[in-house]
Structure formats: C-alpha cells, structure tokens
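Student: give me a model of this one.
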Amino acid sequence: MAEFTTSWTAGQTLHAVYSSLAPLWVELSFLFFFSMGFFYLRAENFRKGKKMPKVKGGFAQNFRASVRKTMEAEAAAGNASKILEAWRLEESSAPTPKDLVKPVVQAFIDAEPEALVDEIIEHLRNHKDALVNSWAGTVILDTVARSGNVEVMMDLWNDYQRKLNLSRSCSMYEVILGGFASAGHPDKVEEFEGMMRKDKLKLSPRGHSLIIKGFLKNGLVDEVLKRIVAMTKSGHMVPAFAVAQFLRVAAENGKAAHMYAKLLEDEVALGTEAVTVILEECVRSHDAKLARQVEAAARAAKVAFGVHAYDALLKTYAEDCDVHAIEVFKEMQAAGHSISEGLCVGLLARCADGKFLSFAEEIVRFVRAGPGMSIAVYSGLMKVYAYSGMYGKACDLYDQIRADGLEPDTMMYGCLMKFSVECGRTSLSQELSEKLSVLDIQNYMSLIKAAGRDRDVDRAFSIIQRLRENNVTPDAIAFNCVLDVCVKAGDLRRARQLVQEMKDLSLLDIITYNTLLKGYCNQSDIKGAKDLLTEMTKAGYQPNDVSYNCILNAAVNNGSFDDAWDTIAKMEQMNVRPDHYTVSIMLKALKRAKGPKDVSRCLGFLDRSHIDPCSDEILMNTVLETYIRHKEFRRLEALLSKFEQSSLRPSVPTYGSIIKAYANLKRPEKCWHYWNEMQGQRGLEPNDIVYGCMLDALVCNGQVDEAVQLFEGSNVKPNAVLCSILVKGFTNTGQTQRAMSLWNDMRRKGVKMNTAACNAFVDAQARVGNMEEVLQIVEAMAEDGCKPDGITHSTIVKGYSVRGDLDKAMEVLRGMQDSGVHHDAIVYNTILDGCTKHKRSDLVDQILDSMDAHRITPTNFTLGILVKFYSRQKQLDKAFACMTTLPKRGNFVPNCQVWSCLMGACLMNGSPTKALQVFRDMRAAGQSADTRACTSLVSGLVRMGQLKEAVQVVDEVYSKGRSSVEQDCLESLLAALAQKGLRDEVGAPLLERLRAAQVPISGRLMAATLAETATPWRAKRA
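Tutor: As a prediction, this is how the structure comes out:
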C-alpha cells in the first residue's frame, strides 16, 4: 500500500510537472538544440585549450613580446625586410599571431615575393592546428589579391589544397574573385564562379562587392553593370558607394546616360550619392534632358536631394533656361540647405549666358531677403542684363549699389562705363570715369566710344591727350577708336590726318585701314574705297572679310547689285571666305530686289556659304525676315526646325521674328509657345515691336478674341500701331462695331493716332458702307493733327461705292484731283467695281476718260472689272475691245484671271464658240487657266450641248498637265455623252485617255461612262 501510495504520489507529481511545463515545451526544445549547436561549433575553441604537442623537447610558445614589438614597429615604418628578419626568428617555434599575419604577407610581397609561397606554406604546415583554417587562408589570399599579384595568388590557391589539404571556403573563393577582378580578368572571374557553383557555394554581399570594386578599379563599366544587376537579382542591396562610384567611372568613359538608363531598367536602387553623381555629370555634359529624367526618377523613388544634388540641378536648369529652376530653388530653401553666395553668383553667370532673366531676378530676391546684396551678386546681375541687351537696366543698378552702401570695384566701374555707352547714357560714362582715381586703357576706350556715340571728334582727341598727360602711351587700339569716332562723325579730313600720324608712329594695322574704308563707304565714295584697298595691299595688308564687307554694304546701299556681286566674286577669287555679315548684307539687298532671279541668286549664295543661320542671332533675324518677305515657306519651316535643335538663346527682337515666322506658317500654337517662353520662362519683357508681332500673329490666324484679351491684359501702353493691328482683325472678321468701340475707347484714353492707324479704322467702316462713322473718324484726324492722305481718300471712295452712292464717290475723286492728292488706279478701280455692282453704266466712260486725263495707268484689275461690267451689260464686243486696247494703254499683259473672266463672259452671254477661242488664245499667250476656269468652260460647253468641243478642252487641259477639271464636271460630260449615244465612240476613249494621264478614276466616273441613259440632273450638275 505504501509502495502504491509512493508510486501514485510520484506519478501525480510528474503529471503535475508535465502539465505545468507543457505550454513551454517549444521554447525548451529550442533552448536545448541551440545549446547543442553552440557547443558543437565552438568545439575547436575548446580543443585549443588542450596542451600543445612538444616541439624539440619542449612545448610550443607564442612569439616573444620583444619580437612582436619589433615587427609592429617595423610594419608601422614600412620596413618589409626587417619584418621578415624578425618573423624568421620565431616562425619555426610558434604560429604567427593573427594580428601579424597580414603584415608578414605584405612584407613578403614588398620585399621577397618569390619566397612568399614556399615559406608561408611551410609555416602553415608546421603549425597546422593553429593556421591551416579558412580564416588564415582567406587573410593570406586577400593580402596577395589586393597587391594584384595574380600568379602568387594562384600558387597559394593550388598549394592550399595540394599541400595542406585545406578546403576551399566561400570567403576564399570571394577573395580570389576579387583578385581577378582587380587584375582586370573577367573571364577568370566567370571561370571561378563556375567552380564555386560546383562546390555548392553562393556569393555573399561581400563577394559581390569585391568583384564590383575590382572591375571599377579597371574601368570595366559593362562588367560592373552585370555584377550590380546580379547582386540586385540575388536579393542583396548594392552598397550605395558602389553604385555612385560606378556612375563616376561611367561618366569618365562617356557612358553615364546609358548606364544610368540600364540601372533604372534593371530596377537597381539609386541613393542620394548616386543621383548626385549623375546630376553633376549632367552639368558637365550640358544635358538638361537627362537631368529632368534623373530628377523625375529620384522623386518617384523618394530619394532625398542633398545640397550638391540641388546645386547640380540648378546649374543645369539655369543653363537650359528651364523655368523649373525657380521651383527647385525655392524647394532648396524650404529644405533648409545652405545657399552660398558662390552658388548664387555661379547661377547668375549661367543665367547671363542663356538670357534667363526670370531666374536671375528670383536669385536676387532671395539674396536681398537673406544675406543681402554684395558687389559679386550685383556684378552677376549686371552681366545678365548686359547679355540680354538691357544695358539701361544694367546702368540702373549703379544707383541701387550706392543706396546699399556698396562701392563698385574697378572692374565694375569699367563695365558700367561700357554699358552706359551702349545705351547712349554718355554723361553717365563721364561721371563714372571721375570716380576712378586711375583710369586704365579700357576705361579710356569707353570714354572714346562715348565721344563716338555723341559724334564729338574734339572730345575723342582730348581723351588721347589725357592719356599722354598721364604718362600712358596711346597704342594702336586707342588710335583706332578715335579714328572710328572721326568716321562716325563723317570727318574724313581729320581721319586722314590721324592715319598719317599713326603711320609716322608705325601703329598702322589692318583695323586702321578697315575703319577708314568704312568712312569712305559711309559717304558712298566707292572709288575712294577701292583706291584705299589698293593702298592697303601696297602697304602689305591684304584685305580681309571686313574690308570686302564694307564695300559690299556700300554697293547694296547704293542699289548697285552688279558691284555687289563683283565684290563677292573678288572675295572668292582672293580665297576670302564670306562670314555671316557678308550673307546678311546680301540678304538685306533683297529689299530692293527687282525679280525672282535676284532672290534665287541670293538664296543660292546663302546655301553656298555653308553658314548656319542659327550660329548668329543677327543673321538668324535677317534670314527669317527674308524667307517671310519672299514667301519661302519651305525654307522657313526647315530653318525653324533647325533653330529648335540649336543652342541659340534668342533675345527679345529674335523672339519677335520667330513669332512672325510661325504666324506666316499658320502655327499660332507655336507663337504662343515662344511668347510664353520669353515672358514666363526667360523673364524677358517684350517691347512694342514684339508685342505687335504677337498681336498680328493672332489676328492673322483668326484668333481675334485672344488678341483682344492679350491687349487688354498687358501692361504695355496702347499706341497707334497696336490699335491698327487689332482693327485689322475686326475688319477681317466683319466686326465693325467692335472696331468703332476700340476707336472711341482709344480716344477717351488719349492715345495719339497717326494717319496709318486712322486709315485702318476708316477702312473697317468703309468696307460695309458705314459712311457716318467714316466721316466721324476723318473729322477726328484733323483734331489729332493727322492729315488725310491718298489712302484715306481712296478708302472714303470705297465706302461710298460699297454703299452705292457713286455720285459722292465721284465727288471725292474730283476733290482729290483738284487738291493734287496722290492717287493711283486703285481708286478708279474701286468706283468702276461699284458701277458694276450697282449698274451705273453712265459713269464708266467718265471714269475711263478721267483716268486718261490724269495719266492714270490702267491695270489688270481695271481690265477685269470692265470685262465683268460689259458682260453683265450684254456688251460682249466692248469686253473684247477692252481686251485689245487697255493692255496697250497700260503697257501690261493680261493675266490668267482676266482671260478667265472674259471666257466666263462669253459663256454667260451664250457664246461657247467665243469662249473656246478665248481659251485657246489664252494658252497661245502663255497663260494657263486654273482648275476653276477649265471646269467652268467644260460645264458651259456641256450645258450648251457642245459635247465634242468639251471633250477637246478636256484633252487639251490634260495634255499640258498644268491644270485639271473637277471630277463632278467630268462625270457630267461622260453622262451626257452616254445619253447622246456617244459612249463607245467618244466616252470610253476619253476615259482611257484620262486614265493614261493618271487622272484618278472614281467609281462614279466609271459608272457615268457605262450608263446607257443619264438622268437629267447629271447634265446640270456643272
């Protein structure tokens, strides 16, 4: 019983213990197995606690302390041979301490590399228990691998297994791979990676990093990229420094953009340092497009920008004139980064190069609100204004500098003197010169140029005298500046005297001769200029491009195109290459061109010169204006496309030319683009001319309401020119009431009008016969001091003619004749057209007699109106008579519009035979009827049953290939032929001839030929 009780009690106790520990059995099992694993892995350490085997009758010892100390000291001093000497004293009796293994191996590499493998392997063998392990093998291999001695590294690798039977660990493989990468052997890296896989080992992050580091050392960016991608795909994070260094090396090899794209493609994470590296490369390579991509990707990945990244972004965007720079600049401030004065000055310099005014002023606002303006910042802003051609604003900074208590340095004073001359503030240049205690030669040059601006020859010579009084010997540059003043003032006598003085001082140069040459050319003395060229040559100075450009410009200004082309030929003969000034001068000559041959010749010269118009802003403007004036729209489109790919940063006048060019190409969206770029992005203020160009672009492209909005929302003061543009838009769209409202509004605001603007307002009302408003405007012209001219009177005549009050129109005409107001055939044509519309045959002969009496030469418009008039009066014989007499009287050749009008008159008067004869006479006269006229003739012949004659006309039209007949008209002809039973005889052969002439044959045209019977409406469709 006692036993049972004891047994029960013990069982009960165990059950209680088990029940209490049951919830913890998982934790207890984990603790047990963890302890077992710990003791197993640390067994080697426990074994080290055992006694060492005896060596030569005693126990192995550690290196003596004195020897260790000596080795450490020699290692610090870099004495490799001394390290080995001390090591050899102890190496046989004790294993090398862990902290000395690397210094010893390095000493072998530096002093005795040929002995390294044998002695180290022997040492390892002697102390196998202590040193033949993965740690020691890895350290030794790593030291050798870092030295780049691949042969020694491989000898060790082979002896480890062959002599020491040392297993190859993952760390040893990684060291070998890093060694081959450092030596630039990607093939060996791949080979040993394969061996590693066979040994069922995987690269650790350290191994990947060693390979990447080695390849980077050799600039093998393609191999590095493979390793970075492999490391990412294996689930390891690539070290940020490795990616950044990779991009640095890629940039050095010109592959930064490509490698960056590859990293993004393979989803490699880029940190702040890597993003900064690629952005700094964008600055060096001037690649704003890549910078935008990098910024967008970094923001999407939520990469924080450091101060250097912001720095690079701002520099790139400032250089590219990207308005986003302002946003980035504000963001940098909000992030709390320090913005140095050096960065601000550097950004201002980039803004100057691109004329990026809006960002420059944003930088200055920041500086004013923060650290305050300095001379360096003012100098940068002054440079921006000067590069933008805003010399007046650059000079205005002088007062602000003084108000801030700052004093310009000598260089700034010199710049201000130069800018004051450029903007015509010559008194300021004189004032500034007095601020300087000592003037250098450049300051004197500015003063001389100021004298030239004022055409003050005496002042220029007095400055030369001041130079001498201050013991400064004037050089050739100073004398040439004074000579230029003489030329600008037209004082060639003193110019000649100065040249003689320079000759006596041996200071003559090519600039002297060219400046004097300009003087002769300015006075249109071509003979004197050519004599001077001969004198130059005799003096040993060969005329250059500047010399020839002077003579070329004089010839063009005199309207002597033959002399101009002779000068071009002379340049080519003397192997003097034309420059952009040469091309600009010849294109300027086209303003006086006599015909298309002159235009073709000048444009051919432009092509032959191989000068890029986008390389010079002045030339760009000249070429644009030339293409616009002569409607060379294909060339214009090509030039604008080239400009958009160029690095040219346009100034305000160039923006005006670009807007005007796109307006002529019917591209208002492009006009808006460059308008917004100029104001919104670049911060440039449009002048009245550019503002007018934009308004005109909108008006000419039907955007009148947008033009009004721009006009009303602008700060530009209204003037007569801008009003003329707007009223033109109202006139073209028939909004005469808005035109009159504009007139009244401008009168209330006191805007002074000129005669041209008043004529535009008069024309708007005269076109619809609003003569009360016309007379109101004409009366106001006298109040404003605007004298009505011939255009005003002609427009009034047009108003009365439109209204049908031709007697009043004749009265105005007689008033013009009596008062001697200049007028031409236009006013007579206007009244004749009114007679046609309002059937006033009684006035036609009076008008023609009046033209004859006042020797007004009739034109094609006159003839066309008369043909139309006599046609409506059923007086076809008079129309033919005018066709014979009027061209002789006016000495002109009837154009195709007049011939077509006469042909239509014949058809209208039921004379198809005469119409056909006019058609043939027209072709005999060298004129070609357009599609509308040909269609009208064929339709008329069909309508009058002259089918065979209609077929003859169609054949004649397509035989020459210069015109065509509308498809509906051809259908009507073929249907009529089928209806008359002439399908097989005439219709089908005609269809074949049309097909042979490559006329599009539609299904309806074919159906019209095949139809046996045509419905009556087909014959009437023409």
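
Student: strands of this protein, residue ranges please.
Tutor: Secondary structure of the chain (DSSP state E): strands located at 54-55, 58-59.

Student: what count of nearby residues applies to the nearest residue to Gly372 once chain neighbours are set aside?
Tutor: Closest residue to Gly372 apart from its sequence neighbours, by C-beta to C-beta, 6 or more residues apart in numbering: Asp404 at 7.6 Å. Quick note: C-beta positions are derived from backbone N, CA and C, even for glycine. Other residues within reach of Asp404, judged by other C-beta atoms under 10 Å, total 14.

Student: next one: the one 4 residues further on
Tutor: Neighbour count for Pro408, taken as other C-beta under 10 Å: 21.

Student: coming back round to it: quick check: the residue nearest to Gly372 vs Leu347, distance?
Tutor: 20 Å (C-beta to C-beta, to the nearest Å).

Student: for Lys757, which non-adjacent residue is spatially closest?
Tutor: One thing to correct before we go on: residue 757 is Ala, not Lys. Ala720 is the one closest to Ala757 (C-beta to C-beta, 6+ apart), at 3.8 Å.

Student: for Pro718, list the residues it contacts.
Tutor: Phe711, Met746, Lys749, Val751 (C-beta atoms under 8 Å, 6 or more residues apart in numbering).

Student: isn't Leu508 right up against Val499?
Tutor: Yes - using C-beta atoms under 8 Å, Leu508 is in contact with Val499, at 7.2 Å.

Student: count the residues that sit near the closest residue to Asn514 other than its chain neighbours.
Tutor: Nearest residue to Asn514, sequence neighbours excluded (C-beta to C-beta, 6+ apart): Val546, at 4.8 Å. Val546: 18 surrounding residues under other C-beta under 10 Å.

Student: before we move on, what about the one 5 residues further on?
Tutor: Burial of Ile551, expressed as a neighbour count using other C-beta under 10 Å, amounts to 25.

Student: I'd say it and Leu517 touch.
Tutor: Yes - between Ile551 and Leu517 there is a contact at 7.4 Å, judged by C-beta under 8 Å.

Student: how about low-confidence regions in the stretch 501-650 of the chain?
Tutor: Along the stretch 501-650 of the chain, segments meeting pLDDT under 70 span 594.

Student: residue contacts, the residue nearest to Ala757?
Tutor: Contacts were defined as C-beta under 8 Å, 6+ apart; by that measure Ala720 touches Val751, Lys752, Met753, Asn754, Ala756, Ala757.

Student: for stretch 643-656, measure first residue to last.
Tutor: End-to-end distance for stretch 643-656, by C-alpha to C-alpha, to the nearest Å: 14 Å.

Student: hmm, who's touching it?
Tutor: 321, 353-355, 388-389, 612, 614-615, 617, 620-621, 658, 674-675, 677-678, 684-687, 689-690, 693.

Student: what subset of those residues is buried?
Tutor: 321, 354-355, 388-389, 614, 617, 620-621, 658, 674-675, 677-678, 684-686, 690, 693 (16 or more other C-beta atoms under 10 Å).

Student: sorry, back to before: save the contacts of Ala720 as a markdown table, and put in neighbour count and distance to Leu210 too.
Tutor: Formatted as a markdown table, those follow (neighbours: other C-beta atoms under 10 Å; distance: C-beta to C-beta, whole Å):
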| residue | neighbour count | distance to Leu210 |
| --- | --- | --- |
| Val751 | 17 | 80 |
| Lys752 | 11 | 83 |
| Met753 | 24 | 84 |
| Asn754 | 16 | 82 |
| Ala756 | 14 | 81 |
| Ala757 | 24 | 81 |
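
Student: OK, contacts around the nearest residue to Tyr581 once chain neighbours are set aside?
Tutor: Using C-beta to C-beta, 6+ apart and skipping residues adjacent in sequence, the residue nearest Tyr581 is Asn549, 5.0 Å away. Counting by C-beta under 8 Å, 6+ apart, Asn549 touches Asp579, Tyr581, Thr582, Ile585.

Student: could you dump these to TSV with distance to Tyr160 and neighbour count?
Tutor: Converted to TSV, the contacts of Asn549 look like this (distance: C-beta to C-beta, whole Å; neighbours: other C-beta atoms under 10 Å):
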residue	distance to Tyr160	neighbour count
Asp579	74	17
Tyr581	78	19
Thr582	79	24
Ile585	84	23
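
Student: wait, which of those is closest to Ser963?
Tutor: Checking the contacts of Asn549 against Ser963 by C-beta to C-beta gives Ile585 as the nearest, at 41.0 Å.

Student: I'd assumed Leu552 was in contact with the closest one.
Tutor: Yes - using C-beta under 8 Å, Ile585 makes contact with Leu552 at a distance of 5.2 Å.

Student: which neighbours do these two share?
Tutor: Ala564.

Student: what does the pLDDT read for the residue nearest to Ala757?
Tutor: For Ala720, the pLDDT comes out at 89.

Student: could we number from 48 for the rest of this?
Tutor: In the new count, where the first residue is 48, that last one comes out as Ala767.

Student: quick one: end-to-end length of stretch 416-425, please.
Tutor: Stretch 416-425 end-to-end distance (C-alpha to C-alpha) = 14 Å.

Student: residues making contact with it?
Tutor: Contacts for stretch 416-425 (C-beta under 8 Å, 6+ apart): 386, 388, 391-392, 395, 410-411, 414, 444, 447-448, 451, 453-456, 459.

Student: now intersect those residues with the helices, please.
Tutor: Glu388, Cys391, Val392, Leu395, Ile410, Val411, Val414, Leu444, Gln447, Ile448, Met459 (DSSP state H).

Student: please tell me how far the fifth one sits from Lys440.
Tutor: In this structure, Ile410 and Lys440 are 16 Å apart, going by C-beta to C-beta.

Student: find the nearest non-adjacent residue to Gln208, please.
Tutor: Spatial nearest neighbour of Gln208, excluding adjacent residues (C-beta to C-beta, 6+ apart): Arg215 at 6.9 Å.

Student: thinking again about what came up before, looking at Ile410 and Lys440, which one has more neighbours?
Tutor: For Ile410 versus Lys440, the count of surrounding residues by other C-beta under 10 Å is larger for Ile410: 26 against 18.

Student: could you pull out the helices for the stretch 248-397 of the chain?
Tutor: 252-264, 268-280, 287-299, 303-312, 319-332, 335-347, 354-366, 371-381, 388-401 (DSSP state H, counting those that start in this stretch).

Student: angle of the third one against helix 303-312?
Tutor: The one in question is helix 287-299. Between helix 287-299 and helix 303-312, the angle comes out at 140 degrees (axes from the mean of the first three to the mean of the last three C-alpha atoms, to 10 degrees).

Student: pull the CA atoms of helix 287-299 into CSV?
Tutor: Extracted in CSV, the C-alpha atoms of helix 287-299 (Å, rounded to 0.1, in the frame of the first residue of the first chain):
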residue,chain,number,x,y,z
ALA,A,287,25.4,53.0,-52.2
PHE,A,288,29.1,53.9,-52.6
ALA,A,289,29.5,51.2,-55.2
VAL,A,290,26.6,52.5,-57.4
ALA,A,291,27.9,56.0,-57.1
GLN,A,292,31.5,55.1,-58.0
PHE,A,293,30.1,53.0,-60.9
LEU,A,294,28.4,56.1,-62.3
ARG,A,295,31.6,58.2,-61.8
VAL,A,296,33.6,55.7,-63.8
ALA,A,297,30.8,55.5,-66.4
ALA,A,298,30.9,59.3,-66.7
GLU,A,299,34.7,59.2,-67.2
